[in-house]
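Colleague: can you look at this prediction? I've put the sequence above it.
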Amino acid sequence: MKMSVMDSTTPTPGHEPIPVNRFALFSETLLAGVLVLVLSIPLVTIPAAYAAGTAHLERHLAGRDDSVRGLWNLFKAALPGSWKLGITTAAAGVVIVLNLLLAWVGQLPGSQVVLPATLILAAAGAILLLRTAAAWSDATGSGSGGKDTWRAALDAGKSVSLRDWTGSLLLAAALFCAVVFVWMLAALFVVVPGTLLLAAAAVKIRSSRQG
């Protein structure tokens with residue numbers, strides 16, 4: 001393999017950089033994205049699916065177990081305690097889609113105010129969800145489980161979203177690009193979860209290095 005397709009990353013302080021095959025990372029991102037898309041179909045499982053997917057990519061970058069079975073095990077571990085956040089995410093998603101559809105057909109009262117507010121809140125909520133999902137794997141190391149793990153992950157997500165505002169802007173850019181992809185070609189929705197997972201993992205690594 002030529003070095004032109006290789007890169008390196010430092011998963012944790014004190015460890016040597018691990019070579020990363022960019023082509024392998026690309027294929028792993030697509031695979032993880034498709035699996036997360038399938039796991040997210042019930043909607044209430046979205047937080048657990050994205051937490052598992054982000055942790056899966058972190059493992060891949062760290063040279064650890066990145067098998068499909070490993071992602072499934074991560075998903076099963078993330079499910080307990082995620083239902084409240086999952087229901088909230090699903091309900092918010094339904095409201096956002098309804099507002100956008102009503103605005104599209106011109107049936108949304110006060111659309112000049114409601115539509116921009118909906119888009120801003122949707123972006124903020126998506127960023128918080130990605131930050132929380134990325135923080136879940138760290139919260140599991142505290143020894144807590146279930147609701148306590150997700151409560152700690154949510155608190156960490158809120159904190160880092162405000163503290164690392166540059167990273168939050170990068171996630172916003174990733175969300176914007178995902179919307180543009182789907183707008184250009186609807187079939188590209190299958191790659192959206194993978195791109196968001198990679199963005200969440202990359203921003204987390206960037207934040208930890210700066211911290």
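Modeller: Thanks, I have it.
Colleague: report all helices and strands that the one helix or strand residue 171 maps to contacts.
Modeller: Taking DSSP states H and E as the definition, one finds residue 171 inside helix 165-184. In terms of contacts (3 or more Cβ pairs under 8 Å, 6 or more residues apart in numbering; DSSP states H and E), helix 165-184 is packed against helix 111-139, helix 147-163, helix 192-210. C-beta here means a position set from N, CA and C on the backbone, and glycine is covered the same way.
Colleague: buried ones in it?
Modeller: Residues 167, 168, 170, 171, 174, 175, 178, 181 are the ones in helix 165-184 that count as buried (16 or more other Cβ atoms under 10 Å).
Colleague: which of these scores worst on pLDDT?
Modeller: Lowest-confidence member of the buried residues of helix 165-184: residue 181, scoring 91 (pLDDT).
Colleague: rewinding a little: CA atoms of the helix holding residue 171 as CSV?
Modeller: Provided in CSV are the C-alpha atoms of helix 165-184 (Å, rounded to 0.1, in the frame of the first residue of the first chain):
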residue,chain,number,x,y,z
TRP,A,165,-17.8,26.1,19.7
THR,A,166,-15.4,25.7,16.7
GLY,A,167,-16.1,22.0,16.7
SER,A,168,-19.8,22.7,16.9
LEU,A,169,-19.5,24.9,13.8
LEU,A,170,-17.7,22.1,12.0
LEU,A,171,-20.6,19.7,12.9
ALA,A,172,-23.0,22.3,11.6
ALA,A,173,-21.0,22.4,8.4
ALA,A,174,-21.2,18.6,8.1
LEU,A,175,-25.0,18.8,8.6
PHE,A,176,-25.3,21.5,5.9
CYS,A,177,-23.2,19.3,3.5
ALA,A,178,-25.4,16.3,4.3
VAL,A,179,-28.6,18.3,3.4
VAL,A,180,-27.0,19.5,0.2
PHE,A,181,-26.1,16.0,-0.8
VAL,A,182,-29.6,14.8,-0.3
TRP,A,183,-31.0,17.9,-2.1
MET,A,184,-28.7,17.1,-5.1
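Colleague: residues in contact with that helix: which ones?
Modeller: 123, 126-127, 130-131, 160-162, 188-189, 191-192, 195-196, 199-200, 202-203, 206-207 (Cβ atoms under 8 Å, 6 or more residues apart in numbering).
Colleague: 6 Å instead, please
Modeller: Helix 165-184 is contacted by residues 123, 126, 127, 130, 161, 188, 189, 192, 195, 199, 203, 207 when judged by Cβ atoms under 6 Å, 6 or more residues apart in numbering.
Colleague: pLDDT weak spots in the chain?
Modeller: For the chain, the stretches flagged by pLDDT under 70 are 1-21, 141-145, 211.
Colleague: secondary structure element for residue 29?
Modeller: Here residue 29, judged by DSSP H and E, is contained in helix 22-39.
Colleague: the inter-axis angle of the following helix or strand past that helix versus helix 192-210?
Modeller: Counting by DSSP H and E, the next helix or strand C-terminal to helix 22-39 is helix 46-61. Using axes from the mean of the first three to the mean of the last three Cα atoms, to 10 degrees, the direction of helix 46-61 lies 60 degrees away from that of helix 192-210.
Colleague: look up the closest residue to the residue nearest the centre of the chain, ignoring the ones flanking it.
Modeller: In the chain, the C-alpha nearest the mean C-alpha coordinate belongs to residue 130, at 3.8 Å (Cα atoms, centre = their mean). Nearest non-adjacent residue to residue 130, counting by Cβ to Cβ, 6 or more residues apart in numbering: residue 200, 4.3 Å away.
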